[in-house]
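Novice: Provided below for reference: sequence and predicted model.
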Amino acid sequence: MTDFLAIDTSSRYLTVYAQKGEKSSLRHLPECAMQHSVILMDEIDKALKEINLTPQECGFFAAVTGPGSFTGIRIGISAAKGFALAAKKPLKPLTAFDLIAYNVNSKKFFVVIDAAHAHYYVCGYDGGKVFKEPCYLSEEEVAALCVPLFGFEDLPFKNYTKMEVKNCLKNAVERCETLSEDMHALYVRKSQAEEVLCANKKMGI
């Protein structure tokens, strides 16, 4: 496996995973919402130093591209892009859905992520491939889904299994084979500011 650095700032937690040969370092902070920009680089520095890995030695840089916190997503992507540009190495984009999907053995299932206000980001997988593109559903619509549901939060669904998110990043990075020269945020819906702007335009404000 190529040496790498992976970052996830897509939610209220922060995860940094670095690997060099047989050595690895996992940094996970479960509650750091609104602080990603302050603490991310320190956590990256600690992870790299723990296994004596330099950015130049990395074969690629990975980051979770969303959906999730609009600000958090941009912070993680910017960091990965900065390292990739400086080291002249490729990027490995991972969605928050991939983070769970690469750690689930069920044949057909949905990954569910809390989008607040009783709505959820949802993506369907069948045999390791996406059969339902990312979408934005109400709680009632998610509850009506008749296949297993997986995610990393406490959610109110009968057929739901909560995964330990801090352990998902490593497997997702190793199992995903996609490398790219660029990385873009995955926004399943518009930001609150954009939704307010659209609503105001419709009202002629």
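Specialist: Sure thing, it's come through. Quantities reported herein were computed from a predicted structural model and do not represent experimental measurements.

Novice: The closest residue to residue 66 other than its chain neighbours in helix, strand or coil?
Specialist: Spatial nearest neighbour of residue 66, chain neighbours left out: residue 186 (3.9 Å); criterion: C-beta to C-beta, 6 or more residues apart in numbering. For the C-beta atoms, the positions are set from N, CA and C on the backbone; glycine is no exception. Using DSSP: H, G, I helix; E, B strand; the rest coil, the structure places residue 186 in coil.

Novice: Which pLDDT does the model give residue 186?
Specialist: Looking at residue 186, its pLDDT stands at 95.

Novice: what number of residues lie near it?
Specialist: Counted with other C-beta atoms under 10 Å, residues neighbouring residue 186 total 21.

Novice: give me every residue that touches it.
Specialist: 65-67, 73, 95-96, 134 (C-beta atoms under 8 Å, 6 or more residues apart in numbering).

Novice: Kindly recompute the last result at 7 Å.
Specialist: Counting by C-beta atoms under 7 Å, 6 or more residues apart in numbering, residue 186 touches 65-67, 95, 134.

Novice: out of the residues you listed, who has the most neighbours?
Specialist: Neighbour max across these (other C-beta under 10 Å) = residue 66, 27 neighbours.

Novice: Surely it is in a helix?
Specialist: No. Read with three-state DSSP, residue 66 is coil and lies in no helix.

Novice: That one against residue 96, yeah?
Specialist: Yes. When contacts are counted by C-beta atoms under 7 Å, residue 66 is listed as touching residue 96 (6.1 Å).

Novice: overlap in contacts of these two?
Specialist: Common neighbours of residue 66 and residue 96 (criterion: C-beta under 7 Å, 6+ apart): residue 10.

Novice: buried sites along the longest helix along the chain?
Specialist: For the chain, the helix that runs over the most residues, judged by DSSP state H, is helix 70-87. Buried residues in helix 70-87, counted by 16 or more other C-beta atoms under 10 Å: 70, 72-80, 83-84, 87.

Novice: Farthest-apart pair in those residues, please.
Specialist: 70 and 87 (26.9 Å; C-beta to C-beta).

Novice: next one: stretch 155-164 to chain centre, how far?
Specialist: Relative to the centre of its chain, stretch 155-164 is centred 18 Å away, using C-alpha atoms, centre = their mean, to the nearest Å.

Novice: Average pLDDT for that stretch, rounded please.
Specialist: So the average pLDDT for stretch 155-164 ends up being 96.

Novice: Mind listing what's buried along that stretch?
Specialist: 155, 157, 160, 163.

Novice: who's in contact with it?
Specialist: With contacts defined as C-beta under 7 Å, 6+ apart, stretch 155-164 is touched by 100, 103, 112, 114, 142-143, 148-154.

Novice: Mean confidence (pLDDT) on stretch 93-113, please.
Specialist: Mean pLDDT, computed over stretch 93-113, is 96.

Novice: Please point out which parts of it sit buried.
Specialist: Those would be 93-104, 109-113, for stretch 93-113 by 16+ other C-beta under 10 Å.
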